[in-house]
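> missing the sequence, but the structure's below:
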């Protein structure tokens, strides 16, 4: 539908849009899916920042001995969660 609307407009911009839209549609039909690469890169950057934050927090709390047994258990759960997210991210990107 979007491509057909694009054909009702005659301009260089409309032509570029039709070429782009046709290519995206063709790729989707061939692959069976579409990936938003910019969003994927942004989410990957957020995941890396979260991993670094958790690692820093774990090191700081452990080195300063500010964690009791319950705190260590919570920290272990958070660290394992980040590890699982990292594994899922690597699986999805390979």
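Arrived safely, thanks for sending. Here the structure is a predicted model, which means the values were calculated and not measured.
> quick one: low-confidence parts of this protein?
Within the chain, the ranges that satisfy pLDDT under 70 run 1-9, 64, 66-67, 93-94.
> so which bits of the lengthiest helix in it are buried?
Identified as the longest helix of the chain according to DSSP state H is helix 37-63. Buried residues in helix 37-63, counted by 16 or more other C-beta atoms under 10 Å: 51, 54, 58. From N, CA and C alone the C-beta is placed, and that goes for glycine too.
> could you point out the helix or strand that follows it?
Downstream of helix 37-63, the next assigned helix or strand under DSSP states H and E is helix 69-92.
> that following helix to helix 37-63, inter-axis angle?
150 degrees (axes from the mean of the first three to the mean of the last three C-alpha atoms, to 10 degrees).
> list the buried residues of helix 69-92.
Buried residues in helix 69-92, counting neighbours by 16+ other C-beta under 10 Å, are found at 75, 82, 89.
> what's next to that helix, contact-wise?
The contact list for helix 69-92, computed with C-beta atoms under 8 Å, 6 or more residues apart in numbering, reads 44, 47, 50-51, 54, 57-58, 61-62, 67.
> how close does residue 84 get to residue 47?
Using C-beta to C-beta, to the nearest Å, we find residue 84 at a distance of 11 Å from residue 47.
> same thing with residue 12?
To residue 47, residue 12 is 39 Å away according to C-beta to C-beta.
> residue 68 too?
Distance, residue 68 to residue 47, using C-beta to C-beta: 29 Å.
> what's the answer for residue 87, then?
11 Å.
> tell me the phi and psi of residue 34?
phi -130, psi 140 (degrees, to the nearest 10).
> and the gap between the closest residue in space to it that isn't next to it in sequence and residue 21?
Distances taken as C-beta to C-beta, 6 or more residues apart in numbering place residue 28 nearest to residue 34, at 4.8 Å, with adjacent residues excluded. The gap separating residue 28 from residue 21 is 11 Å, by C-beta to C-beta.
> which residues do the two both contact?
With C-beta under 8 Å, 6+ apart, residue 28 and residue 21 have no common neighbours.
> for residue 58, which non-adjacent residue is spatially closest?
Nearest one to residue 58, counting by C-beta to C-beta, 6+ apart, is residue 75 at 5.6 Å.
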